[in-house]
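# Sequence and predicted structure below; questions after.
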Amino acid sequence: MATDVALDIGTARTRLATTEHGIMFDEPTMVAIDTTTGEVIDVGHGAIDLVGRTPRHMVVFRPLAQGTTVDFDVTARLIAGLFDHAGVSKLSRARVVMSVPSLATSIERRALRQAAIQAGAREVSLMEAPIAAAIGLGLPVQDPVGSAVTVLGAGASESALISLGGIVSSGARRVGGNDIDNAIATLLRLRQGVVVAPSIVEDLKITMSSARSRSHGESRTIMARSIEDGRLESVEVRAELVNAALADVVSATLRLIQECLADAPPDLSQDVSAQGMVLVGGHAQLTDLSDLIAHTTGVTVRVAEDPGTVIIRGLQMCLEQMSSLHGLFRQVDR
Ligand SMILES: Nc1ncnc2c1ncn2[C@@H]1O[C@H](COP(=O)(O)OP(=O)(O)OP(=O)(O)O)[C@@H](O)[C@H]1O
Ligand SMILES: [Mg+2]
């Protein structure tokens with residue numbers, strides 16, 4: 001029996017849904033591979049659990065950066081591992097719908113499609129992330145009204161105004177939540193002389209940061225490894241450091257949203273003023289970010305419920321209504 005699969009492979013997280021079972025996988029974009037046989041050992045959390053515990057011939061990969069595939073072969077193996085995980089056999093020749101960042105080049109799109117085909121998919125349809133998000137939000141994407149959606153992920157950020165099934169104006173950058181984590185880690189190394197585990201860095205961002213610097217004055221004590229002697233020590237991290245690390249990504253985010261709004265035709269701008277803008281993607285949850293965007297642009301902004309899964313929910317709806325939404329795929333399926 002043919003299986004239909006929706007796939008959203010992100011820089012940080014990968015999500016898979018089927019029409020039958022809904023969201024079946026929502027885990028870190030990681031794959032552990034046996035480099036002697038090329039066999040996939042595990043994906044997602046299972047692969048993370050192997051970090052630092054594996055013999056030399058087992059390697060854990062993160063095949064995406066800035067929203068796109070940096071390692072074609074590993075991405076194909078990741079997708080094969082995901083099919084396995086979801087019980088989709090290679091023989092079922094699944095029909096797959098996948099999201100791509102709107103700023104992905106035609107080469108990047110082809111690479112993603114080929115990776116899915118190499119993993120066993122029969123037919124692959126690509127959809128730009130903001131359109132999949134708008135469908136997941138239940139916005140009237142096919143109508144002649146403007147719907148404003150901003151996708152804020154780990155490695156890519158894109159703001160789009162959608163009308164009549166297509167993107168009318170947009171702004172996008174290859175930056176996201178991951179870049180903030182990297183900036184926090186760099187500041188901790190330079191200012192406090194310590195190296196901190198990635199999961200702790202992300203936790204500092206989630207719990208201490210504020211895009212409007214409202215958390216200034218707070219501090220937290222964490223365990224970190226000294227660069228000088230490699231010993232674990234407790235260090236006090238101040239919110240000022242975490243907020244300083246946000247600055248570049250936050251200003252790039254504001255700029256790309258302003259570009260999208262500035263390019264909008266007048267009629268659709270009025271729709272945005274009336275309907276507001278919806279933020280999706282995990283990074284949309286950054287404390288005070290939606291508030292800052294609303295304040296800077298003058299547009300009403302809301303963060304979607306469970307913002308990280310909006311795109312995969314939209315893709316799953318596409319699987320269910322493939323025939324009526326067919327035109328939306330053709331536009332990006334180059
Ligand atoms: N509560 C939170 N506050 C701030 N950031 C958060 C929060 N929860 C998750 N994030 C961040 O959201 C990002 C993950 O979002 P998402 O799952 O949408 O990314 P992705 O799809 O993997 O990336 P991309 O689509 O850009 O390739 C990570 O950078 C994570 O740190
Ligand atoms: Mg994403």
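The structure has been received and is ready for your questions. Numbers count the residues shown, from 1 in each chain. Ligands and ions are numbered 1, 2, ... in the order given.
# Just give the number of residues close to Ala111.
Around Ala111 sit 18 other residues, with neighbours defined as other C-beta atoms under 10 Å. Any C-beta I mention is one placed from the backbone N, CA and C, and that applies to glycine too.
# Test my guess that it contacts Asp73.
No - in this structure, Ala111 is not within contact of Asp73 by C-beta atoms under 8 Å, at 10.3 Å.
# Can you pull the domain assignment for this protein?
As given by automatic domain parsing, the domain ranges for the chain are 4-131+311-330, 139-175+247-307, 181-241.
# ok, the shortest one near ligand 1 or not?
Yes - among the residues of domain 181-241, 202, 205-206 lie within reach of ligand 1 under C-beta under 6 Å from any ligand atom.
# which one of these sits closest to Ala304?
Checking those against Ala304 by C-beta to C-beta gives Ile206 as the nearest, at 17.5 Å.
# hang on, the earlier thing: show me the one in the residues of domain 181-241 next to ligand 1 that has more neighbours than the rest.
In terms of neighbours by other C-beta under 10 Å, the residues of domain 181-241 next to ligand 1 top out with Lys205 at 21 neighbours.
# rewinding a little: which stretch in the domains of the chain has the least confidence?
Of all these, the minimum mean pLDDT falls on domain 4-131+311-330 (a mean of 90).
# how far is that domain from where the chain is centred?
Chain-centre distance of domain 4-131+311-330: 13 Å, with C-alpha atoms, centre = their mean, to the nearest Å.
# how about the helix or strand harbouring Cys318, does it get close to ligand 1?
Assessed by DSSP states H and E, Cys318 sits inside helix 310-320. No - remark: helix 310-320 sits outside contact range of ligand 1, by C-beta under 6 Å from any ligand atom, the gap being at least 7.3 Å.
# which helices and strands does that helix pack with?
In terms of contacts (3 or more C-beta pairs under 8 Å, 6 or more residues apart in numbering; DSSP states H and E), helix 310-320 is packed against strand 4-9, strand 13-18, strand 22-28, strand 95-100, strand 123-128, helix 129-136.
# Provide the strand pairings for the helix or strand just after the longest one, with the direction of each partner.
I take that to be helix 129-136. Following helix 129-136 in sequence order, the next helix or strand is strand 147-152 (DSSP H and E). Sheet pairing for strand 147-152, assigned by DSSP bridges, gives strand 157-163 (antiparallel), strand 277-280 (parallel).
# Could you export those to JSON lines, including columns for mean neighbour count and distance to ligand 1?
Below are those laid out as JSON lines (neighbours: other C-beta atoms under 10 Å; distance: least, C-beta to the nearest ligand atom, whole Å):
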{"stretch": "strand 157-163", "mean neighbour count": "26", "distance to ligand 1": "7"}
{"stretch": "strand 277-280", "mean neighbour count": "25", "distance to ligand 1": "8"}
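# okay, the ones you listed in a markdown table with distance to Val303 next?
A markdown table is the format used below for the strands paired with strand 147-152 (distance: least, C-beta to C-beta, whole Å):
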| stretch | distance to Val303 |
| --- | --- |
| strand 157-163 | 14 |
| strand 277-280 | 5 |
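# Excluding sequence neighbours, find me the nearest residue to whichever residue of the stretch 1-150 of the chain sits closest to ligand 1.
Proximity to ligand 1, evaluated over the stretch 1-150 of the chain using C-beta to the nearest ligand atom, is greatest for Gly10 at 2.2 Å. Among residues not flanking Gly10 along the chain, Gly153 sits closest, at 5.5 Å (C-beta to C-beta, 6 or more residues apart in numbering).
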